[in-house]
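In: coordinates for the following, if possible.
(one chain, ligands or ions: 2)
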Amino acid sequence: MPVEPGTRASRPSQPRRLTVLSGPSGVGKSTVVKELRRRHPEVWLSVSVTTRTPRPGETDGVEYHFVDSAEFERLIASGELLEWAEFAGNRYGTPRAPVVQRLEAGQPVLLEIELQGARQVRGNMSDAFLVFLAPPSWEELVRRLTGRGTESPEVVQRRLDTARVELAAEKEFDTTLVNTSVHDVCDELLTLVVAP
Ligand SMILES: Nc1ncnc2c1ncn2[C@@H]1O[C@H](COP(=O)(O)OP(=O)(O)OP(=O)(O)O)[C@@H](O)[C@H]1O
Ligand SMILES: Nc1nc2c(ncn2[C@@H]2O[C@H](COP(=O)(O)O)[C@@H](O)[C@H]2O)c(=O)[nH]1
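Out: Numbering: from 1, shown residues only. Ligands and ions are numbered 1, 2, ... in the order given. Here you go, the predicted structure:
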């Protein structure tokens, strides 16, 4: 089960600020990140590439760079992705160059990615700080994912099956934040993202 925020680790002092936010589908990662960036636009959020079809209201280049499978294969082959993973039938990856540029410029960088990608970042970027966003309860996670209304019942079930695996991996992360209140979690996340 989730632990209270801030109980496991505080952020070490470091000049490069790469923070990874991960957690099960529907826990509220995008909602929290959107609020954080509304309040602190200086935090740079990586825009991932994906083979997923855009949801209503999503714009290419804003939520994601939407690409076909051939282009995703090309990005993998050319080493242009910092990490990538297959999730619930689609592929997702982080373009490497913009992340490196922002880190070199000293800007706080945030990645919102799933577990397999977080593990790759852990392996490749020793300075990265990994934050697990946990739901207040399993029932609330189901309610949020279902209530969002963006996936078919089959895809919701697939994402919930994966969520059980992701929840079991919580201890791999540097700290856990429980998303009971978007406002409160946003404050907690900010202290980690911009920590001196
Ligand atoms: N603290 C919260 N309390 C209640 N509802 C929330 C909270 N945080 C997020 N939600 C709602 O939960 C739903 C899922 O949130 P969101 O899309 O941000 O999740 P996510 O973790 O980014 O999901 P995915 O990994 O599938 O992209 C949304 O409808 C959102 O409004
Ligand atoms: N490993 C990566 N995971 C990513 C990336 N971008 C997003 N994601 C995660 O995928 C799932 C599903 O996202 P959705 O938009 O289809 O709901 C979610 O956990 C995202 O955080 C990425 O570049 N790499």
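
In: going forward, measure contacts and count neighbours with C-alpha atoms only.
Out: Fine.

In: now do the buried residues in stretch 100-107.
Out: Of the residues in stretch 100-107, those buried by neighbour count under the rule 16 or more other C-alpha atoms under 10 Å are Arg102, Leu103, Gln107.

In: so how far is it from its chain's centroid?
Out: Taking the mean C-alpha point of stretch 100-107 and that of its whole chain, the gap between them comes to 19 Å (C-alpha atoms, centre = their mean, to the nearest Å).

In: what's the average pLDDT for the top helix by length along the chain?
Out: In terms of residue count, the longest helix belonging to the chain (DSSP state H) is helix 153-168. Confidence over helix 153-168 (mean pLDDT, whole number) is 97.

In: what's it packed up against?
Out: Using 3 or more C-alpha pairs under 8 Å, 6 or more residues apart in numbering; DSSP states H and E, the elements in contact with helix 153-168 are helix 138-148.

In: mean confidence score for the helix it packs on?
Out: 97.

In: that helix vs ligand 2: in contact?
Out: No. Contact of helix 138-148 with ligand 2 (C-alpha under 6 Å from any ligand atom) is absent, the minimum separation being 9.5 Å.

In: returning to what we had before: distance to Ser78, pLDDT and secondary structure added to the buried residues of stretch 100-107, as a markdown table?
Out: What follows is the buried residues of stretch 100-107, written out as a markdown table (distance: C-alpha to C-alpha, whole Å; pLDDT from 0 to 100; DSSP: H, G, I helix; E, B strand; the rest coil):
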| residue | distance to Ser78 | pLDDT | secondary structure |
| --- | --- | --- | --- |
| Arg102 | 21 | 94 | helix |
| Leu103 | 21 | 92 | helix |
| Gln107 | 26 | 91 | coil |
